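**Q** sequence plus predicted model, see below.
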Amino acid sequence: MSTDTLPNPEKSPERGGGELIRLEQVTKRFGDNTVLDHLDFAVDAGKHVTLIGPSGSGKTTILRLLMTLLKPDEGTITVDGQKLFPATEKERREVRKQIGMVFQQFNLFPNMTVLRNITEAPVTVLGMSKDEAVERAKGLLDLVGLADKCDAHPAQLSGGQQQRVAIARALAMRPKVLLLDEVTSALDPELVAGVLDLLRDIARTTDITMLCVTHEMNFARDISDQVLMFDSGRVIEAGPPEKIFSEPEHDRTREFLSAVL
Ligand SMILES: Nc1ncnc2c1ncn2[C@@H]1O[C@H](COP(=O)(O)OP(=O)(O)OP(=O)(O)O)[C@@H](O)[C@H]1O
């Protein structure tokens, strides 16, 4: 894989493998439902962290908070030392540029070509020149195996191809953090492996920090430096995948894994 189109092939000195994401005492409620309960955790730069746990345990809510699609009721969230919450809208917009997300349902703009889907945000949000954005988008489309689909519209692509475009679109912003929310759940089974292989390649060949919610336990085992087991809005167990999948300490982790493995 060519590295010149990748988001962060070079290690920037200020990142230096230190802490990139920090959640402190984060609480999120929907009405009476406390989904995250004084949650603390941190992710180091360049690491790949996977969130696992039962349905409804709050995993997606964490990604949505980091995307600023939701606001916490209490607590602080920082990215690369800059405050995401609490912060002014202006501060939040700056921090938000460092975070890319790939959603379960692709969320491409249906009326734009594939190329425009990828160039839109770099031009309008980052102020990149159109020529540079197009050049980068073409490199990324090559990377995800869709160099011939520049002029197609999303509806003309398979689910797997749409998800590849969504991955290219997220990478086009050169984010420090890539959030992946059950990115293969909406795909036909025969398309899952190709998308996961692409993400494995990206995990292996870039220093991008990944925070991933997945039900694909083999994928989690392959890419993760750390796995966090969630239950009722709290991390009940954390460790490297070999430990969590082979010797879980907590009964709830054992129960969950025996249901999904
Ligand atoms: N916008 C919302 N309004 C009200 N309740 C919500 C909203 N979003 C999430 N919830 C509730 O918050 C809880 C946690 O949801 P979340 O999607 O974070 O769980 P999850 O662990 O990602 O689950 P899954 O594995 O099924 O995706 C659930 O009880 C859900 O119903």
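**A** Arrived safely, thanks for sending.

**Q** buried residues in stretch 49-63, which are they?
**A** Neighbour counts using 16 or more other Cβ atoms under 10 Å place 49-54, 57-63 of stretch 49-63 among the buried residues. Yep, even glycine has a C-beta here, placed from its N, CA and C like the rest.

**Q** how about the residue in the stretch 101-250 of the chain positioned nearest to the ligand, phi and psi?
**A** Distances from the stretch 101-250 of the chain to the ligand, computed as Cβ to the nearest ligand atom, single out Val213 as the nearest residue at 5.9 Å. With angles defined as degrees, to the nearest 10, Val213 shows backbone torsions of phi -110, psi 120.

**Q** residues from the stretch 51-200 of the chain in reach of the ligand?
**A** For the stretch 51-200 of the chain, the residues in contact with the ligand (Cβ under 6 Å from any ligand atom) are Gly53, Ser55, Gly56, Ser57, Gly58, Lys59, Thr60, Thr61.

**Q** burial measure for the closest residue to the last one other than its chain neighbours, as a count.
**A** Ranked by Cβ to Cβ, 6 or more residues apart in numbering and with sequence neighbours excluded, the top spatial neighbour of Thr61 is Val35, at 5.1 Å. Using other Cβ atoms under 10 Å, Val35 has 20 other residues around it.

**Q** Val35 sits in which helix or strand?
**A** Secondary-structure element containing Val35, defined by DSSP states H and E: strand 33-44.

**Q** please identify the pairing partners of that strand and their relative orientation?
**A** Neighbouring strands of strand 33-44 in its sheet, by DSSP bridges, are strand 19-30 (antiparallel).

**Q** ok, the strand it pairs with near the ligand or not?
**A** Yes - judged by Cβ under 6 Å from any ligand atom, strand 19-30 comes into contact with the ligand through Phe30.

**Q** and the contacts of that strand?
**A** Contact with strand 19-30 is made by 34-46, 58, 61-62, 65-66, 70, 72-80, 176-177, 209, 211, 233, as judged by Cβ atoms under 8 Å, 6 or more residues apart in numbering.

**Q** mind saving the C-alpha coords of that strand as CSV?
**A** As requested, the backbone C-alpha atoms of strand 19-30 are provided in CSV (Å, rounded to 0.1, in the frame of the first residue of the first chain):
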residue,chain,number,x,y,z
GLU,A,19,-2.4,10.4,25.7
LEU,A,20,-4.7,11.6,22.9
ILE,A,21,-8.2,11.1,24.2
ARG,A,22,-9.3,11.5,27.8
LEU,A,23,-12.8,11.1,29.3
GLU,A,24,-13.1,12.1,32.9
GLN,A,25,-16.2,11.5,35.0
VAL,A,26,-18.4,11.6,31.9
THR,A,27,-22.1,11.1,32.6
LYS,A,28,-24.8,11.0,29.8
ARG,A,29,-28.5,10.6,30.5
PHE,A,30,-31.4,10.2,28.2
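
**Q** which residue ranges of the chain form helices?
**A** In the chain, helices defined by DSSP state H lie at 59-66, 89-96, 114-124, 130-143, 159-172, 189-205, 217-223, 241-246, 251-260, listed in chain order.

**Q** quick check: mean pLDDT of the first one?
**A** Within the predicted structure, the mean pLDDT of helix 59-66 is 96.

**Q** which elements pack onto it?
**A** Helix 59-66 makes packing contacts with strand 19-30, strand 33-44, strand 48-52, strand 74-79, strand 99-102, strand 177-181, strand 209-213 when contacts are defined by 3 or more Cβ pairs under 8 Å, 6 or more residues apart in numbering; DSSP states H and E.

**Q** now those strands as CSV including distance to Glu91 and mean pLDDT?
**A** Conversion of those to CSV gives the following (distance: least, Cβ to Cβ, whole Å; pLDDT from 0 to 100):
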stretch, distance to Glu91, mean pLDDT
strand 19-30, 16, 96
strand 33-44, 20, 94
strand 48-52, 24, 96
strand 74-79, 11, 98
strand 99-102, 14, 95
strand 177-181, 16, 96
strand 209-213, 20, 96
